[in-house]
Structure formats: structure tokens, C-alpha cells
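*Asks:* kindly generate the corresponding structure for this input.
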Amino acid sequence: MNAFPDELCDTAGELLTLCREAGVMLATAESCTGGLIIGCLTEVAGSSAVVDRGFVTYSNEAKNEMLGVPMELIIEHGAVSGPVARAMAEGALARSRACLTIAVTGVAGPGGGTETKPVGLVHFGCASSAADTEHARHVFKGTRAAVRLATLRTALAILRARIIASCEA
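*Replies:* Numbering: from 1, shown residues only. Below is the predicted model of the structure:
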């Protein structure tokens, strides 16, 4: 029995196959998901061929110390922001053997939301050694668990799209 829903394990498996075929090594930098993305990827047997590492950087200090996200950036934009998600992804790229990284930072709830940063808001950063860092912003509905699972699904989809795009280039 898998620790994650079968559909997520299947998606992760497909992503890992694409990575293997493209010669891509992955790393993650996670805040609001607390390691769910790396956990789902490593749920798949053989994932060590393409998964280098995962950074769980829940606190601002961890983002700064482990990923090199400048505290000034966190203070200016907040931990839940596009600039911080991009910096997290770039920090994971610089501090790993990966050539493709995904970073997530958000407000999973049920508390902690504001008018400008509501519960369910998640910022994604995707960095690669071959292209510019991308950013995506989503607001997911539902419980804390639903927001975190939606974030996981979206992160896998972003990585998949990035690999397919790089293979077509």
C-alpha cells in the first residue's frame, strides 16, 4: 500500500520516467508541504536514479540558512511570495546536484491567511540549469490537507511540463 493516493504515485512515476529518459536530476525546496513532494517522488521504487534531495524549509531561518534566500527578500515580500519561491528554487539548484528544482511556499490554513495572502495561496518556483526560473501562483480551496495535496499535484505537473518543454526545445 502506498503512502500517497495511487493517482499521485502514478503521476510521480511518469515524471521520474521522463526525468530518467531526459537525464534530469531533481531537487525540491518545500515550505507549506513540509516534504510531501519529495516524499511522493521517493515513494516510487527506483527514484534514487533521478532524485537528488529535498529541502524542507518551513521557517524563514531555514530558507535563509539552507537555501540562501536573503532575509531582506523575506522581510520585503514575505515568505509567501513569488520572489521568495523563485529564490528557494534557485537556492535548491545551487545547493544540489539537480538540474531542475521545484519550490513551494504558501498558506495551507486553516489560519494564517490575510486579505492579500488568503488561505490556500501557494507560490511555486521552478529553476533549471537550462532556462530562466519560472513562477506560478495558485489559490486552492479546501482544508489544509486539500491545499497541501493540490500543491503536490501542481508541483508534479509543473515539473512534468518543464521537462517536456526542455525535450522539445
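
*Asks:* list the residues that contact residue 99.
*Replies:* 24, 25, 93, 128, 129, 130 (C-beta atoms under 8 Å, 6 or more residues apart in numbering). Heads up, the C-betas are built off the backbone N, CA and C, glycines and all.

*Asks:* which of the three states applies to the residue nearest to residue 82 when sequence neighbours are not counted?
*Replies:* If you skip the residues right next to it in sequence, residue 82 has residue 135 as its closest partner in space, 4.6 Å away by C-beta to C-beta, 6 or more residues apart in numbering. The three-state assignment at residue 135 reads strand, by DSSP: H, G, I helix; E, B strand; the rest coil.

*Asks:* on the three-state scheme, the residue nearest to residue 88 when sequence neighbours are not counted is what?
*Replies:* Among residues not flanking residue 88 along the chain, residue 103 sits closest, at 3.6 Å (C-beta to C-beta, 6+ apart). Per three-state DSSP, the local secondary structure of residue 103 is strand.

*Asks:* quickly list what residue 103 is bridged to.
*Replies:* Under DSSP bridges, the beta-bridge partners of residue 103 are residue 29, residue 125.

*Asks:* the strands in the chain, which residues?
*Replies:* 26-30, 51-56, 100-106, 121-128, 131-139 (DSSP state E).
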